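Chemist: next one to model:
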Amino acid sequence: MVSLRIALRYLFSKKSHSAVNIISVISMAGVAVATVAIVCVLSVFNGFSDLAMGRLSVIDPEMKLLPESGKIIRDADSLAARISALPGVDTAMATVDEQALAIVGPRQMAVRMKGVPSGYNRVSGVDRAVIDGEYGLDASAGPDDPVALLSVGTAVKLASRPASMAPFALYVPRRVGRINPSAAAAAFRSDSLTVTGVYEIEDAEKDASTVMVPLTVARDLLDYDSEASMIEIGLEPGASESAVRDEIGRVAGAGYVLQNRLQQEEKAYRMISIEKWIAFIMLAFILLIASFNVISTLSMLMLEKTDNMVTLRALGARQSMIRGIFVWEGWLISIFGGIIGIVTGVGLCLLQQYCGLIRLSGDASQLSVTVYPVRVYLPDLLVVMGLVVLTGLFIAALTTRFARR
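Modeler: Okay, the predicted model is just below:
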């Protein structure tokens, strides 16, 4: 196209007035800087999302089967055994999740009691998150020698740890049998446990009030036989999640909800995603404002090239072709500025990812991560480039109206 070729020549050629060149560079730099900011901010949100995924994957299983209604799965052990036999499934374990009251001396708090079977570390990495004592749930998984693994929040609030001499007691409301109103204590089933360890996965909600006990202990407190709250599933390396999901759905039948890790923490990831795209929208407005500098550049260029326009008109050029020159010029400034910004932003993010240029303030020994986590995500770059193109089109449309006048 003739208009595009002339616009390219105007973009890179030296102008008779140096001010036009300076304003063109400033316009392109404004678009580039705004684009760099968008790329870096989105990459930082990606990094924090990966960090959250890494922390939660320590304790969350790869897949979890829950009842669609109600709180328990009846005959969960049999269903877990059938799921374990499916191709692509490494193991499936029935677990119990219920509220309880924990008492240590004068201290007490409501806790989330989680009953897990022996070998639970095959579907969860909680044994790798122990910071005091030992995992201990596999060594003693029976009601005759009950043990407990505490989250760090529970241990701090109850002042309980493996070396503590104070007994750790769990109380659960009695599910079956008659309750005598005059004997309040009879309305609860209780057990005294030995604290073997404390774990921390560096997630405030998960670390706040969880107590892990052997599955037999939890079932004894709740008067369960083979019931469970959920079935936690670990997949074989390289297994197809969609294929395994179809097989589990076939074996389990209706009445169940199957969740992967992302679905298990849907609220957390949704919040990160909302914050990410709100930041994107705010920076998109900054990019739009920066792009208005292009109109100033085109105004100066029109004054600069008035004689050329008269010559082109004398040679038979139509008004639409002359108008197209400045439309292309405005679009090219936005596109080149966007490309420079994306390349620069990706370069800065890669430097941060591999060299850790910007560090978090604070005591490094108390931080789980010492540098800002970043990850460049290709779809984000495509979205940013699309935004630059659309902004360029918007500026080009304004330029068309200006050029027509």
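Chemist: for stretch 388-402, give me every contacting residue.
Modeler: Defining contact as C-beta atoms under 8 Å, 6 or more residues apart in numbering, one finds that stretch 388-402 is touched by 31, 35, 287-288, 291-292, 294-295, 298-299, 323, 326-331, 333-335, 337-338, 341-342. C-beta: built from backbone N, CA, C; applies to glycine.
Chemist: in helices only, show me those residues.
Modeler: 31, 35, 287-288, 291, 294-295, 298-299, 323, 326-331, 333-335, 337-338, 341-342 (DSSP state H).
Chemist: my read: residue 197 touches residue 152, true?
Modeler: No. With contact defined as C-beta atoms under 8 Å, residue 197 does not reach residue 152; the gap is 10.6 Å.
Chemist: more neighbours, the two?
Modeler: residue 197 (23 against 20; other C-beta atoms under 10 Å).
Chemist: which residues touch the most centrally placed residue in the chain?
Modeler: Residue closest to the mean C-alpha point of the chain, counted by C-alpha atoms, centre = their mean, is residue 49 at 3.0 Å. Each residue near residue 49 by C-beta under 8 Å, 6+ apart is listed here: 269, 272-273, 276.
Chemist: give me the below-cutoff pLDDT ranges for the protein.
Modeler: 1-21, 54-57, 139-144, 177-186, 303-307, 320, 361-369, 399-405 (pLDDT under 70).
Chemist: what residues go with each domain of it?
Modeler: Per automatic domain parsing, the structural domains of the chain span 2-56+268-404, 63-261.
Chemist: first-to-last residue distance for the longest one?
Modeler: Chord length of domain 63-261, first to last residue, is 6 Å (C-alpha to C-alpha, to the nearest Å).
Chemist: next one: stretch 58-74
Modeler: End-to-end distance for stretch 58-74: 27 Å, by C-alpha to C-alpha.
Chemist: not counting its own residues, what contacts that stretch?
Modeler: Contacts for stretch 58-74 (C-beta under 8 Å, 6+ apart): 79, 83, 92, 94, 98, 123-126, 128-129, 201, 206, 224, 226-235, 241, 244-245, 248, 252, 254-261, 264-265.
Chemist: now it, how far from the centre of its chain.
Modeler: With C-alpha atoms, centre = their mean, to the nearest Å as the basis, the distance from the averaged C-alpha position of stretch 58-74 to the chain average is 21 Å.
Chemist: change the start of the numbering to 39 and stick with it
Modeler: Got it, the first residue is 39 from now on, which makes the last one we talked about stretch 96-112.
Chemist: if I've got this straight, residue 128 is in a helix?
Modeler: No. Secondary structure of residue 128 (DSSP: H, G, I helix; E, B strand; the rest coil): strand, not part of a helix.
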